[in-house]
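Novice: got a structure for you, letters missing:
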């Protein structure tokens, strides 16, 4: 009867299978509003759900679940200061392990009547946020608190590259002295060029899109409760990163630490 052989073996999906899948996609999108269809597919695969990325894309399109777009960037860097600046050491640098390059940045968070500020330090290899601080003041004390948290958490050996913009919070004597005391190599972006610190910029966009813009912080206490939770429990622990093979930073670091002496190092080239 000219039927293809596959017709005899084809078993139609259960009537509600697509509905169950769509419900799960909506649940994930509600938690991670910047997830596109590729990251969504990876999350579903991690949960044991076998699905094609084209189907995920179709469902997300039909449900209006397009990834949220980032809002306009607001400049927080003051590079007009009398302190020395340093050469960019990380361009085209290959990163093969944790604690080779740390990147630092500062952003603002709006509360009801003012702004508060977040300083953060990431390990460039794993994208993990290893140090952070929140304050009403955007000053060197803020950036120092984040740095000291990272040092305490990692206890790095000498020679780690610390990369930041040329802002006064990172160029001031107190901050530079702290870096030198712990034998960091100091690196800075070119003036007015956010692409030289793209990983830190990407973290801030993720933070704003998936946390800050979803909440109406009224007080500093609101920020002090939500931001550490997002960084420690969501970003580091659960959020999938495409650059890490769709793994969270904590999981990626655990795998790398377990296999670093058995396998060829993973190379990341910065351009």
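Specialist: Sure, I can see it. A quick note: this is a predicted structure, and the numbers were derived from the prediction, not measured.
Novice: what about the helices in the stretch 1-150 of the chain?
Specialist: Remark: helices assigned in the stretch 1-150 of the chain by DSSP state H, counting those that start in this stretch are 6-9, 17-31, 37-46, 53-62, 140-154.
Novice: weakest of these by average pLDDT?
Specialist: Among the helices of the stretch 1-150 of the chain, helix 6-9 has the lowest mean pLDDT, at a mean of 55.
Novice: tell me the contacts of the residue lying closest to residue 257 once chain neighbours are set aside?
Specialist: Counting by CB to CB, 6 or more residues apart in numbering, residue 257 lies nearest to residue 98, which is 7.6 Å off, once chain neighbours are set aside. Any C-beta I mention is one placed from the backbone N, CA and C, and that applies to glycine too. The contact partners of residue 98, by CB atoms under 8 Å, 6 or more residues apart in numbering, come to 123, 125-126, 128, 154, 253, 256-257.
Novice: Next, give me the two most distant ones among the residues you listed.
Specialist: 154 and 256 (14.2 Å; CB to CB).
Novice: before we move on, what SS does residue 218 have?
Specialist: coil (DSSP: H, G, I helix; E, B strand; the rest coil).
Novice: these two touch, right, it and residue 111?
Specialist: Yes: at 6.2 Å, residue 218 counts as touching residue 111 under the criterion of CB atoms under 8 Å.
Novice: which one of these two has more residues nearby?
Specialist: Of the pair residue 218 and residue 111, residue 111 is the one with more neighbours under other CB atoms under 10 Å, namely 17 against 11.
Novice: for the stretch of helix or strand residue 222 belongs to, which positions count as buried?
Specialist: Per DSSP states H and E, residue 222 falls inside helix 220-229. Going by neighbour count (16 or more other CB atoms under 10 Å), the buried part of helix 220-229 is 222-223, 226-227.
Novice: Stretch 56-66 too?
Specialist: Buried, per 16+ other CB under 10 Å, within stretch 56-66: 56-57, 59-60, 65.
Novice: Please enumerate residues in contact with that stretch?
Specialist: With contacts defined as CB under 8 Å, 6+ apart, stretch 56-66 is touched by 18, 21-22, 25-26, 29, 36-37, 40-41, 44.
Novice: For residue 21, see how far away the closest residue to residue 84 other than its chain neighbours is.
Specialist: Closest residue to residue 84 apart from its sequence neighbours, by CB to CB, 6+ apart: residue 171 at 6.9 Å. Residue 171 sits 51 Å away from residue 21, going by CB to CB, to the nearest Å.
Novice: Counting neighbours, go ahead and name the busier of the two.
Specialist: residue 171 (22 against 17).
Novice: need the contact list for residue 140.
Specialist: 168-169, 172, 174-175.
Novice: mind redoing it with 10 Å?
Specialist: 119, 147, 167-176, 178 (CB atoms under 10 Å, 6 or more residues apart in numbering).
Novice: now residue 170
Specialist: Applying CB under 10 Å, 6+ apart, the residues near residue 170 are 77, 79, 83, 85-86, 104-106, 119, 140, 143-144, 147, 162-164, 176, 179, 186, 188-189.
Novice: could you flag which of those are buried?
Specialist: Applying 16+ other CB under 10 Å to the contacts of residue 170 flags 77, 79, 85-86, 104-106, 119, 140, 143-144, 147, 162-164, 176, 179, 186, 188-189 as buried.
Novice: Tell me, how many residues neighbour the residue lying closest to residue 108 once chain neighbours are set aside?
Specialist: Closest residue to residue 108 apart from its sequence neighbours, by CB to CB, 6+ apart: residue 115 at 4.7 Å. A count of nearby residues for residue 115, using other CB under 10 Å, gives 13.
Novice: Is the residue nearest the centre of the chain in a helix, a strand, or coil?
Specialist: Nearest to the mean C-alpha position of the chain, counting by CA atoms, centre = their mean, stands residue 203 at 3.6 Å. Classification of residue 203 using three-state DSSP returns helix.
Novice: got the contact list for it?
Specialist: With contact taken as CB under 10 Å, 6+ apart, residue 203 is in contact with 103, 105, 107, 120-122, 127-129, 197, 231, 235.
Novice: before we move on, what about residue 185?
Specialist: 86, 89-90, 101, 158-163, 179.
Novice: ok, now residue 148?
Specialist: Contact analysis of residue 148 by CB under 10 Å, 6+ apart lists 121, 131, 133, 178, 182.
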